[in-house]
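> sequence and predicted structure are below.
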Amino acid sequence: MFVIFIAVLGGMLRGCQIKTVDAPPIWLAITAIVAVAIYVRSKRWSGGPEYRKRIRQDLDAGMSRTTIIEPAFVTEIEEQEDEGPSYIVVTKEGESILLTGQWLVPIKRRNFPWSKFEICEAPLSGHFFGVYNRGAPFPVSQKREALSYEDAKALGCFHSNYIVLDDEAKKLLQGA
């Protein structure tokens, strides 16, 4: 995909230069600079070589980690702008889990939350596969206002699909 994109970009730049300017192949230098910039940046986008190595190990092992969740109490958090829905799920075991993000939009349309669901991810890399229904619809116990940007950032909402809340995070949510 990367090579195809760079080839198309190079072809477009070459075509533009040939039609407009009779000069040394500037299009080649621009294409090379863009290719290097994208390649360097892609390491960050894809998690870097260590993350890709852990994903390969997960695939080679052919395993996934599934966590069954049975809610006792669910709080729906208002969506802020286009960040997607958020839920705080208190399990029957007393753990609190914050699920947040755009990925919840199609799941919400399928009547999330459910009385039983599973979170599926790869064990070594932690790559998130999704949330799957294993029960009937579960009523939302309460609704609350949207999280502020600062609170969402402090909780780590922008780096994870779900977060098991520790005592500090619970205090932050109570104060918000």
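Received the coordinates, thanks.
> pretty sure residue 83 contacts residue 151?
No: under the criterion of CB atoms under 8 Å, residue 83 makes no contact with residue 151, lying 12.0 Å away. Heads up, the C-betas are built off the backbone N, CA and C, glycines and all.
> which one of these two has more residues nearby?
Between residue 83 and residue 151, residue 83 has the larger neighbour count (other CB atoms under 10 Å), namely 18 against 15.
> distance check, the more buried one against residue 146.
8 Å (CB to CB, to the nearest Å).
> next up, the contacts around residue 78.
143, 144, 145, 146 (CB atoms under 8 Å, 6 or more residues apart in numbering).
> ok, and the closest non-adjacent residue to the third one?
Right, the one you point to is residue 145. Excluding the flanking residues, the one nearest residue 145 by CB to CB, 6 or more residues apart in numbering is residue 78, at 5.5 Å.
> ok, the first one next?
The shortest distance from residue 143 to any residue that is not its chain neighbour, by CB to CB, 6+ apart, is 4.9 Å, and that residue is residue 76.
> partners of the one you found in the sheet?
On the basis of DSSP bridges, residue 76 is bridged to residue 87, residue 143.
> wait, it sits on residue 87?
Yes: Residue 76 lies in contact with residue 87 (CB under 8 Å); the separation is 5.7 Å.
> who has more neighbours out of these two?
residue 87 (20 against 17).
> now do that one, the pLDDT please.
Listed pLDDT for residue 87 reads 94.
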